[in-house]
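Peer 1: Dropping the sequence and predicted coords here.
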Amino acid sequence: MADGPAGSGSPATDFAVVLLRELARAGVTDVVVSPGSRSQALALAAVALERAGGISVHVRLDERTAGFTALGLAVESGRPAAVVTTSGTAVANLHPAVLEAHHSGVPMVVVSADRPAELRGIGSNQTTVQPGIFGPAVAFVRDVDAPTEHGVDASTADTVRTLVRQAVAAAAGHTGQPGPVQLNVAFREPLSAGLGADDVRAVPEDEVDLAFAARRVHSGLPVVELTPDDEPATVVVAGHDAGPDAERIAWELGAPLIAEVSSGARFGRNLVVAYRELLRDPAFGGAVRRAVVLGHPTLSREVPALLQRPDVETFVVRGPGADPFDPARASRAEAATTFVSDVRVAGRTRPEHRAWVGRWVSASRALLGDGDAGPDLDAKRSSDRAERNRFLRDEVALRRRPVDRTMLADAVWGATWPHDRLVLGASQIIRVADGHVPGKAIRVHANRGLAGIDGTVSTALGIAAALERTSAAGTTRVLLGDLTLLHDLGALVTGSEEPRRRVQVIVGNDAGGAIFRGLEVAETTPAADMRRMMTTPQEFDLEPVVTGLGWEYRRAATWGDLERVLTDPAERVVIEVPLAD
């Protein structure tokens, strides 16, 4: 057998080596492993292949964090990461990450180890029905029979290659929407055999097909050609993962750009930051007659309300997620939604289109104001000592100011540059950032497929691992709330043998779920019930937890502290920011 150890004594090991080499050949560069007995052949084959130079292995102590780490690796690399688990509840713990991958169109290959057929359905330990455990969240599932004592011959190796190519193609979106797939592989004892340094060879570089694994959207829908209307009344909406094309289309159409903070399009001259307020204004939102939507808008109620209006013609560019974005269908509105694969703009804009955009941009700036301009710099340069002293007092007062959410979002946004990555948790802070921070061409991610708070730090660690292969200087920052951190506290446990990533976890601590205070339930619920059952107040001492898990800890209670710690060169640091509001 050319691709694996010749007769290692464990068919499980022989098969695992072939499977992982075929994944590498098909363009999968990352394998996330959570240790377990039934999956030991896969784990040991993975590390042997890593030593040979074929893949990167990432070890996580629990499967939930492993799944989200694989998600982050795929988000940054654009290719599916494989995640290996043992049998039983281990597989079920991947479900949150699999659901997020499904709804956001992120490719992932789940390789779940299982008992052989003769041990299923008889009460065997750690045995359940694993094939199809994720239901409709995976479009491709294969239950692979346990390899026999005859080993892995050339015919079996060809079968494995075909199987892996099918799985990676389905994950990457060759024929349908990209997302997670499952290979459920049964193993009999002996569950592994020793692998020497020469037993596993890397796949030759000219045989690795990275392009094959690259995520694509194959919608089969037509491309629509639009022209700037005689009456300029178009807006371009860029939801999560829209990409930079949204900014180009807005410019070519002469349309205001409504770009959510994780859209990848929050930049350019047409950007309108205060879009919520303007969409509610009859002079602005009420005048819209056409909308072009890219990505998955999730951060406002005003955008779905706009698209449900019967007087607004809507074109939605089909994204990679499982479900098309179509709020009009949910409301059974008369509004018509046309789904397309892309938008091309023909014709040139006229002065009235620029005037339309200019009104939106100017109004947005007026609504946001200048913010806190800080100390008067003219006073700093004044020849009048009293003026200079006033500047110093103002500067000291600013640096001593407690931090609120807007200040926190401003500071983290300002500290992040194109070579960095910013990950936003599904906390109140992402909405504050979306309604406030200016345009900037930086890479921002948030798990908006289902907009859950689980797995945020794990996702960021996956993004950081993939980023550090390509950027020697980039830092991954995670901005989230205290409850979002607590949901993924296990992500901080990465194992002493794993590389230390350049990650800043910035926690806006307001002792509970502030996001619920803005919902209708807050208006009808007694304060005590609201506090206990919805905002779930918590008190915990973060510093000993963080340092006990091997991370650096910083506390930033004032604006001056925050400016200082965000430029701290420490790796793996958690920054706690007590919020003033």
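Peer 2: Ah, there it is.

Peer 1: close enough to count as contact, V361 and I258?
Peer 2: No. Contact criterion C-beta atoms under 8 Å: V361 and I258 do not qualify, at 11.6 Å. The way it works is simple: take the backbone N, C-alpha and C, and place the C-beta from them, glycine included.

Peer 1: Look at the two and report which has more neighbours.
Peer 2: I258 (32 against 18; other C-beta atoms under 10 Å).

Peer 1: For the more buried one, give its distance to V288.
Peer 2: Counting by C-beta to C-beta, to the nearest Å, the gap from I258 to V288 is 10 Å.

Peer 1: which neighbours do the two share?
Peer 2: Common contacts of I258 and V288 (C-beta atoms under 8 Å, 6 or more residues apart in numbering): V235, L279.

Peer 1: Regarding the closest residue to S341 other than its chain neighbours, what is its secondary structure?
Peer 2: Nearest non-adjacent residue to S341, counting by C-beta to C-beta, 6 or more residues apart in numbering: L221, 4.2 Å away. Following DSSP: H, G, I helix; E, B strand; the rest coil, we place L221 in the coil state.

Peer 1: try the one 3 residues further on
Peer 2: Counting by three-state DSSP, the backbone at V224 sits in strand.

Peer 1: ok, for it, nearest residue in space, not its chain neighbours?
Peer 2: V340 (4.4 Å).

Peer 1: One more: L467?
Peer 2: Setting aside the residues directly before and after it, L467 is nearest to G474 in space (C-beta to C-beta, 6+ apart), at 5.1 Å.

Peer 1: list the buried ones in stretch 564-578?
Peer 2: The neighbour-count check on stretch 564-578 (16 or more other C-beta atoms under 10 Å) flags V565, L566, R572, V573, V574, I575, E576, V577, P578 as buried.

Peer 1: ok, the first one - contacts?
Peer 2: So the one you mean is V565. Shown in contact with V565 (C-beta under 8 Å, 6+ apart): R554, A556, V573, I575.

Peer 1: Quick one: these as TSV, columns for secondary structure, distance to P499 and pLDDT too.
Peer 2: Formatted as TSV, these follow (DSSP: H, G, I helix; E, B strand; the rest coil; distance: C-beta to C-beta, whole Å; pLDDT from 0 to 100):
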residue	secondary structure	distance to P499	pLDDT
R554	strand	21	96
A556	coil	26	96
V573	strand	16	97
I575	strand	21	97
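
Peer 1: can you tell me which two in the residues you listed are farthest apart?
Peer 2: A556 and V573 (11.1 Å; C-beta to C-beta).

Peer 1: how near is T494 to V59?
Peer 2: Using C-beta to C-beta, T494 is found at 8 Å from V59.

Peer 1: These two: which has the busier surroundings?
Peer 2: Shown here are T494 and V59; by other C-beta under 10 Å, T494 has more neighbours (23 against 19).

Peer 1: Give me the secondary structure label for that one.
Peer 2: Three-state assignment for T494 (three-state DSSP): coil.

Peer 1: quick one: it and L461 touch, right?
Peer 2: Yes. T494 lies in contact with L461 (C-beta under 8 Å); the separation is 7.0 Å.

Peer 1: who are the neighbours in contact with the closest residue to R266 other than its chain neighbours?
Peer 2: Using C-beta to C-beta, 6+ apart and skipping residues adjacent in sequence, the residue nearest R266 is A259, 4.3 Å away. With contacts defined as C-beta under 8 Å, 6+ apart, A259 is in contact with A238, A242, A246, E247, A265, R266, F267, L271, G439.

Peer 1: ditto for G321
Peer 2: Contact partners of G321, counting by C-beta under 8 Å, 6+ apart, are H103, S104, G105, Q177, H296, G449.

Peer 1: Need the max-distance pair from those residues.
Peer 2: With distances taken as C-beta to C-beta, the most widely separated pair in those is Q177 and H296, at 12.4 Å.

Peer 1: Between those two, point out the one with more neighbours.
Peer 2: Just comparing Q177 and H296: by other C-beta under 10 Å the higher neighbour count belongs to H296, 26 against 20.

Peer 1: who touches both of V361 and I258?
Peer 2: Listed as contacting both V361 and I258 by C-beta under 8 Å, 6+ apart are V272.

Peer 1: quick one: T476 and A466 touch, right?
Peer 2: No. Shown here, T476 and A466 do not form a contact pair, counting by C-beta under 8 Å, at 9.6 Å.

Peer 1: where in the stretch 401-550 of the chain is pLDDT low?
Peer 2: By pLDDT under 70, the low-scoring segments of the stretch 401-550 of the chain are 513-518.

Peer 1: actually the stretch 201-350 of the chain, not the one I wrote
Peer 2: Along the stretch 201-350 of the chain, segments meeting pLDDT under 70 span 331-333, 335.

Peer 1: where along it do the helices fall?
Peer 2: Under the criterion DSSP state H, counting those that start in this stretch, the stretch 201-350 of the chain contains helices at 210-213, 245-253, 275-280, 302-307, 327-330.

Peer 1: just so I know, which of the ones you listed lies nearest G550?
Peer 2: Among those, the nearest to G550 by C-beta to C-beta is helix 210-213 (32.9 Å).

Peer 1: now for the closest one, which elements pack on it?
Peer 2: With contacts taken as 3 or more C-beta pairs under 8 Å, 6 or more residues apart in numbering; DSSP states H and E, helix 210-213 sits against helix 154-172.

Peer 1: Not counting the helix it packs on itself, show me its contacts.
Peer 2: Against helix 154-172 from outside (C-beta under 8 Å, 6+ apart): 1-4, 15, 18-19, 22-23, 25-28, 79-80, 107-109, 139-140, 142, 144, 147, 152, 175-176, 178-181, 183, 212-216.

Peer 1: Just the buried ones among these, please.
Peer 2: 3-4, 15, 18-19, 22-23, 25-28, 79-80, 107-109, 139-140, 144, 147, 152, 178-181, 183, 212-215.

Peer 1: T476 and A466: who's more crowded?
Peer 2: With neighbours defined as other C-beta under 10 Å, T476 and A466 compare such that T476 has more, 29 against 24.

Peer 1: Can you report phi and psi for the more buried one?
Peer 2: The phi/psi pair for T476 (degrees, to the nearest 10) reads phi -100, psi 120.

Peer 1: Next one: A511 from G347, what distance?
Peer 2: Taking C-beta to C-beta, one finds A511 at 55 Å from G347.

Peer 1: And these two? Which one has more around it.
Peer 2: A511 (16 against 12).

Peer 1: That one in helix, strand or coil?
Peer 2: On the three-state scheme (three-state DSSP), A511 is labelled coil.

Peer 1: Next one: the closest residue to P304 other than its chain neighbours from R276, what distance?
Peer 2: Counting by C-beta to C-beta, 6+ apart, P327 is the residue found nearest to P304 once chain neighbours are left out, at 3.7 Å. The spacing between P327 and R276, counted by C-beta to C-beta, is 16 Å.

Peer 1: and if you look at V317?
Peer 2: V317 is 22 Å from R276, where distance means C-beta to C-beta.
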